[in-house]
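> here is a sequence with its predicted model. Questions after.
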Amino acid sequence: MMGGIKLTLVLIGLFAILVAMLLGLALSQSITQPLMNFVNFMGGITRSGRLQQKFLPHSPNYEVDVLARSFESMAESLAESQAESSRYHDELRRKEFNQGKISRLATRSRLDALISQINPHFLFNALNTVGVLIDENPNEARRLTVKLANIFRQTLQVSERAVVSLQEELRFVQDYLEIEKARFGERLQVEERIEVKNAQIPCFTLQPLIVNAIKHGAALKIGTTTIRIAVLQENGHLNIQVSDDGMGMTPSARDNMLERGYGLRNLIDRLNIHYPSEFSWKVESEFEKGTIVSLALPCHP
């Protein structure tokens, strides 16, 4: 009888242990399985980056549900923050674009205003030259009137562009010099040294330098004046030089030359727009010996 009782107790103990193990396993599964589902859910969000996803549990679990709701709330806040950040950056890019556009328009307007100043001044000088020839040489005046019409046309075409080729600028200047040579005759000589073929420069870069050389050099001198035009390329820069052996300037006149007229000042202002802090200019002059104006420009405006 005692042996039977012992066996019964052993069986009951084993059954209790088995039941406890099954209950423990079921309890563990009820916690770990939803937790693993939640971990996989978070991993999917991390890989896809879609913060708007919702956690759908296979079986209810209070603790995991609370954790999932907290995570979803955090994900929604992060998504809203990302959307707000994206809207901010879009607005910032839009403002930067608008500011850049306004800045470009303002720069272009300023450049157009400067070009519009130089056109009447240049054309007035050319008209004045032809006007002088009407009395002195009517036939030559008629020929040069046709040349002047070409200059008018070139002026209108060139002024619509901020940059022209060096060859266009030279042809423009040569037409103007032909009119001036008709007025000065043998008193005006021109020499050129052009060692650059393909280059782009701002329109009306050479023209004001030529006008100044004639107005302040040749016109005031008795005898022959030679104007020399040189365009060279060195160390990535275009070196433009216009010199004359005319009357020249005193030191005080040279120091105040930008205040006396707007031709050279206009050119410097325009070059400052095209090449901010990337160009240099220099004027050397000696009274009764001549003037040299030098520009160093980047090869690409």
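Sure thing, it's come through.
> which stretch of helix or strand covers residue 14?
Under the criterion of DSSP states H and E, residue 14 resides in helix 2-48.
> actually, residue 240.
strand 237-244.
> which other helices and strands does that strand contact?
Counting by 3 or more Cβ pairs under 8 Å, 6 or more residues apart in numbering; DSSP states H and E, the packing neighbours recorded for strand 237-244 are helix 207-212, strand 225-234, strand 290-298. All C-beta atoms are positioned from the backbone trio N, CA, C, and that covers glycine.
> mean pLDDT for these: which is lowest?
With a mean of 88, helix 207-212 has the lowest mean pLDDT of those.
> now do the buried residues in stretch 199-218.
The neighbour-count check on stretch 199-218 (16 or more other Cβ atoms under 10 Å) flags 199-214, 216-218 as buried.
> coming back round to it: which SSE is immediately downstream of the strand holding residue 240?
That would be, after strand 237-244 and using DSSP H and E, helix 251-255.
> what's the following helix or strand after that next one?
helix 257-260.
> between strand 290-298 and the helix or strand following that following helix, find me the angle.
Per DSSP H and E, the first helix or strand lying C-terminal to helix 257-260 is helix 263-274. Interaxial angle of helix 263-274 relative to strand 290-298 (axes from the mean of the first three to the mean of the last three Cα atoms, to 10 degrees): 10 degrees.
> helix 263-274 - what's its average pLDDT?
84.
> elements contacting the helix or strand following that helix?
Toward the C-terminus, helix 263-274 is succeeded by strand 280-286 as the next helix or strand (DSSP H and E). Judged by 3+ Cβ pairs under 8 Å, 6+ apart, the packing partners of strand 280-286 are helix 251-255, helix 263-274, strand 290-298.
> repeat that for 10 Å
strand 237-244, helix 251-255, helix 257-260, helix 263-274, strand 290-298 (3 or more Cβ pairs under 10 Å, 6 or more residues apart in numbering; DSSP states H and E).
> next, the buried residues of the longest one.
For helix 263-274, burial by neighbour count (16+ other Cβ under 10 Å) applies to 263, 264, 265, 266, 267, 269, 270, 271, 274.
> the last one now?
Neighbour-count burial for strand 290-298, with 16+ other Cβ under 10 Å as criterion, is recorded at 290, 291, 292, 293, 294, 295, 296, 297.
> export the residues you listed to CSV and append columns for distance to residue 165.
Listed next are the buried residues of strand 290-298 as CSV, based on distance: Cβ to Cβ, whole Å:
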residue, distance to residue 165
290, 29
291, 27
292, 25
293, 21
294, 21
295, 17
296, 19
297, 14
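> looking at these, which is nearest residue 246?
residue 290 (5.8 Å; Cβ to Cβ).
> spit out the contact partners of the closest one.
213, 217, 221, 225-228, 243-249, 284 (Cβ atoms under 10 Å, 6 or more residues apart in numbering).
> what's the nearest residue to it if we skip its chain neighbours?
residue 245 (4.1 Å; Cβ to Cβ, 6 or more residues apart in numbering).
> wait, isn't the one you found in contact with residue 228?
Yes. With contact defined as Cβ atoms under 10 Å, residue 245 counts as touching residue 228 (8.5 Å).
> any shared contact partners between these two?
In contact with both residue 245 and residue 228: 189, 213, 290, 292, using Cβ under 10 Å, 6+ apart.
> take those residues and write them to JSON lines, including distance to residue 13.
Formatted as JSON lines, these follow (distance: Cβ to Cβ, whole Å):
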{"residue": "189", "distance to residue 13": "129"}
{"residue": "213", "distance to residue 13": "121"}
{"residue": "290", "distance to residue 13": "124"}
{"residue": "292", "distance to residue 13": "117"}
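> ok, so of those, who is nearest residue 278?
residue 292 (21.7 Å).
> what's opposite the closest one in the beta bridge?
With DSSP bridges applied, residue 292 shows beta-bridge pairing to residue 243, residue 284.
> thanks a lot, see you next time.
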